[in-house]
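[1] Got a sequence here, can you build the structure:
(one chain, ligands or ions: 1)
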Amino acid sequence: YTIPKTDTEHTRSNNDAAGTHATVLILGGGVAGVIAARTLHEQGIDNFVIVEARDELGGRLKSTTFARKTVELGANWIQGTQTGNGPKNPILTLVEKHKVKTAVSHYTGSLTTYDHTGAVDYLDVFDASVDAYNDLVATAGGRVPVNNVDLTSQAAYTLNGVRPRTAHEKAAEYYQFDWEYAQKPDQTSAIASSWANNFTYDPDQGGFSEDNLFDLDQRGFKAFLQEEAKEFLKPSQLRLNSIVKKVSWSGSGVKVLLEGGSSLSADYALCTFSVGVLQADDVEFEPRLPSYKREAIASLPMGTYTKIFLQFPQKFWFDTEFALYADPERGRYPVWQSLDHKNFLPGSGIIFVTVTVCALISWSVKAQFIMSIQGDYSERIEALPDAQVKSEVLSVLQAMYPNITIPKPLDFMFPRWYSDPLFRGSFSNWPPSFVQQHHDNLRSNVDRLYFAGEATSQKYFGKYFVHFQSRLGWLTS
Ligand SMILES: Cc1cc2nc3c(=O)[nH]c(=O)nc-3n(C[C@H](O)[C@H](O)[C@H](O)COP(=O)(O)OP(=O)(O)OC[C@H]3O[C@@H](n4cnc5c(N)ncnc54)[C@H](O)[C@@H]3O)c2cc1C
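    Okay, the predicted model is just below:
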């Protein structure tokens, strides 16, 4: 389709109480939505409206104030920067342009290791897990040119002779894998994991660089997006606090019904909601999306990646950037990160631990939590009261430091991404059963309704949708 550059005969004022008509409605004001709007603007199409449920732009770039500091509940890292004159991560371009404060983050080079007996040095096991993941990428990547079918990442590990058995080996594997993909190796495509790694980190394969930058900006990481939006977005092109309930689509246009009863219409719409939102049927489509589209949506799961923040009166923990805790139960409060570190927020007293998935929850506190017997640690803790999660987290810290009495935290907090109807998880993760045709169908438009967002990127799924511009080029061409 060619989008007309001038308003159509349907155009009404944006203040029309009965509803508004735009050339394009952009559903969702996260990275994909804002960069879509910028791209339309650059193409000379300004009769668009971003429709966003929250009270600000940013989506999963979501920050909050904790212990008088701004911390990120969602995205925190620029993964891959630039090597020489090679491709530059477009997020980095925006971060530099808007002077967003970051610090280099050493994923593998600044780590202290623990288990349930306290500090134990198993960095050799950790280093072996780094090599094992690199081997997995090579094994999976080698299958593509010879047209071999996809495998689970678990199968690729096994074929390479990697079979973590001890708690240390399992924790080290978790750090390499689950902490990145928010799901386990047996839930994740080996080939897609290899793409994601290469297009991000390997300059020889079209990626940016091996470096990671951690956002420290007290405006919040979202500042790069909000500042960018200020350069081109007019107030009439943005509807915040507007929850989309229903999208009616056809070959002649799209109509959107908002919570509260008002409606908007457009010649085209671009839906950037997370695949978790689409799966949850939080938004009704009329007519129902075609079965091939529903199958594609249903086939790409969202992982959940939960950061649990604690503030203590003073720092008593490791001086490295990260710590890895190996519990007998894989995935139980494993990756710790110190913000009270000379390179980050010194003196803040803040530490956080991240959970994603676990193999098996071997206990249940009360009958209502038995639902969590198998599966995702993040989803499990979302169903628990804060006080219980806090007590579990403190018991892990006590195991890591058996010779001191862990002080009472001054503050404690974690977000519930999985339960949030605007996200339903943190980011998509590609299973081996998600074949290329599913991906094409997930990206494809139905009549005048188009789709974008991190899940629709083959190269960067689960990360910022930096690939968006070329997709929109296709839409506008
Ligand atoms: C905990 C966490 C950690 C992450 N860490 C990183 C990281 O370090 N590095 C990295 O590259 N990526 C990271 N990501 C992923 C990255 O944040 C996302 O891939 C990216 O922000 C997604 O942008 P998007 O525009 O596709 O979707 P979103 O940001 O989800 O935008 C969609 C928008 O639609 C809105 N919306 C949803 N439903 C409705 C409705 N019914 N009506 C109106 N509006 C609606 C939402 O409010 C949202 O603003 C992380 C994500 C999370 C959650």
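
[2] hey, where'd the strands end up in the stretch 151-300 of the chain?
    Taking DSSP state E, counting those that start in this stretch as the criterion, the stretch 151-300 of the chain contains strands spanning 212-215, 238-239, 244-249, 254-258, 263-271, 284-286.

[3] Buried residues in the third one, which are they?
    Neighbour-count burial for strand 244-249 flags Val244, Val247, Ser248, Trp249 (criterion: 16 or more other C-beta atoms under 10 Å). Quick note: C-beta positions are derived from backbone N, CA and C, even for glycine.

[4] Now do the lengthiest helix in the chain: distance to the chain's middle.
    Scanning the chain for the helix with the most residues, using DSSP state H, yields helix 123-143. Offset of helix 123-143 from its chain centre (C-alpha atoms, centre = their mean, to the nearest Å): 23 Å.

[5] before we move on, what about stretch 272-280?
    For stretch 272-280, the separation from the chain centroid amounts to 13 Å (computed by C-alpha atoms, centre = their mean).

[6] can you give me the mean pLDDT across that stretch?
    Model confidence over stretch 272-280 averages 97 on the pLDDT scale.

[7] If we go by neighbour counts, what in that stretch is buried?
    Along stretch 272-280, the positions that meet the burial threshold by neighbour count (16+ other C-beta under 10 Å) are Thr272, Phe273, Ser274, Val275, Gly276, Val277, Leu278, Gln279.

[8] try stretch 225-237
    By 16+ other C-beta under 10 Å, the buried positions in stretch 225-237 come out as Leu225, Gln226, Glu228, Ala229, Leu233, Gln237.

[9] Same check on stretch 337-348?
    Buried residues in stretch 337-348, counted by 16+ other C-beta under 10 Å: Gln337, Ser338, Leu339, Asp340, His341, Phe344, Leu345, Ser348.

[10] which residues in this protein form helices?
    With DSSP H applied, the chain shows helices at 31-42, 90-97, 123-143, 153-159, 167-176, 178-181, 190-201, 223-230, 275-279, 291-298, 377-382, 386-400, 436-443, 468-476, listed in chain order.

[11] circling back to that earlier point, looking at the buried residues of stretch 337-348, which one is closest to Phe451?
    Of all the buried residues of stretch 337-348, Phe451 sits closest to Gln337, with 33.7 Å by C-beta to C-beta.

[12] who's that closest one bridged to?
    Phe322, Phe352 (DSSP bridges).

[13] distance of it from the ligand?
    Taken as C-beta to the nearest ligand atom, to the nearest Å, the spacing of Gln337 relative to the ligand amounts to 12 Å.

[14] What are the neighbouring residues in contact with that residue?
    Applying C-beta atoms under 8 Å, 6 or more residues apart in numbering, we find Gln337 in contact with Glu321, Phe322, Ala323, Ile351, Phe352, Val353, Thr354.

[15] Got the confidence number for the third one?
    Reading off the confidence values, Ala323 has pLDDT 98.

[16] correct me, but it touches Ser110?
    No - using C-beta atoms under 8 Å as the test, Ala323 is too far from Ser110 to be in contact (9.7 Å).

[17] Can you name the residues of the stretch 51-200 of the chain that neighbour the ligand?
    Within reach of the ligand by C-beta under 6 Å from any ligand atom, the stretch 51-200 of the chain has these residues: Val51, Glu52, Ala53, Arg54, Gly59, Arg60, Leu61, Gly74, Ala75, Asn76, Trp77, Gln79.

[18] Okay, and which of the residues you listed map to strands?
    Using DSSP state E to define strands, the subset of those located there is Val51, Trp77, Gln79.

[19] top of those by neighbour count?
    Gln79 (27 neighbours; other C-beta atoms under 10 Å).

[20] Show me what that residue is bridged to.
    Beta-bridge partners recorded for Gln79 (DSSP bridges): Asn212.

[21] for it, what are its contacts?
    By C-beta under 8 Å, 6+ apart, Gln79 lies in contact with Asn89, Thr200, Tyr201, Asn212, Lys463.

[22] Can you select the buried ones among those residues for me in ChimeraX?
    Here is the ChimeraX command that selects only those of the contacts of Gln79 that count as buried (16+ other C-beta under 10 Å):
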select :89,200,201,212,463
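
[23] Serialize the contacts of Gln79 to TSV and add fields for distance to Gln43 and pLDDT.
    Supplementary listing: the contacts of Gln79 in TSV, determined by distance: C-beta to C-beta, whole Å; pLDDT from 0 to 100:
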residue	distance to Gln43	pLDDT
Asn89	23	95
Thr200	28	90
Tyr201	32	92
Asn212	33	96
Lys463	25	59
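
[24] What is the nearest of the contacts of Gln79 to the ligand?
    Lys463 (3.4 Å; C-beta to the nearest ligand atom).

[25] so where is this structure shaky, pLDDT-wise?
    Per-residue confidence of the chain (counting by pLDDT under 70) places the weak regions at 1-19, 357-376, 463-477.

[26] do that again at 80, thanks
    1-19, 357-377, 461-477 (pLDDT under 80).

[27] what's the spacing between the closest residue to Val355 other than its chain neighbours and Gly30?
    With sequence-adjacent residues excluded and distances taken as C-beta to C-beta, 6 or more residues apart in numbering, Val355 is closest to Tyr377, at 4.3 Å. Using C-beta to C-beta, to the nearest Å, one obtains 25 Å as the distance from Tyr377 to Gly30.

[28] hmm, who's touching stretch 196-207?
    For stretch 196-207, the surrounding residues in contact (C-beta under 8 Å, 6+ apart) are 79-80, 83-84, 86-87, 133, 137, 141, 181, 208-210, 430, 459-463.

[29] Of those residues, grab the buried ones for ChimeraX.
    The following ChimeraX line selects those of the contacts of stretch 196-207 that are buried, judged by 16+ other C-beta under 10 Å:
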select :79,80,83,133,137,141,181,208,209,430,459,460,461,462,463
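
[30] from memory Ser338 sits against Phe344, does it?
    Yes - under the criterion of C-beta under 8 Å, Ser338 lies in contact with Phe344, with a separation of 7.3 Å.

[31] Common neighbours of these two, please.
    In the contact map built from C-beta under 8 Å, 6+ apart, the residues linked to both Ser338 and Phe344 are Glu321.

[32] For whatever residue of the stretch 301-450 of the chain ends up closest to the ligand, give its distance to Thr112.
    Per C-beta to the nearest ligand atom, the residue of the stretch 301-450 of the chain with the smallest distance to the ligand is Ser426, at 3.2 Å. In this view, Ser426 and Thr112 are 26 Å apart by C-beta to C-beta.

[33] Domain-wise, how is the protein divided?
    Domain assignment of the chain by automatic domain parsing yields the ranges 20-60+222-301+429-476, 127-215.

[34] Return the distance of the longest one from the chain's centre.
    Think domain 20-60+222-301+429-476. From the chain centre to the centre of domain 20-60+222-301+429-476 is a distance of 16 Å (C-alpha atoms, centre = their mean).
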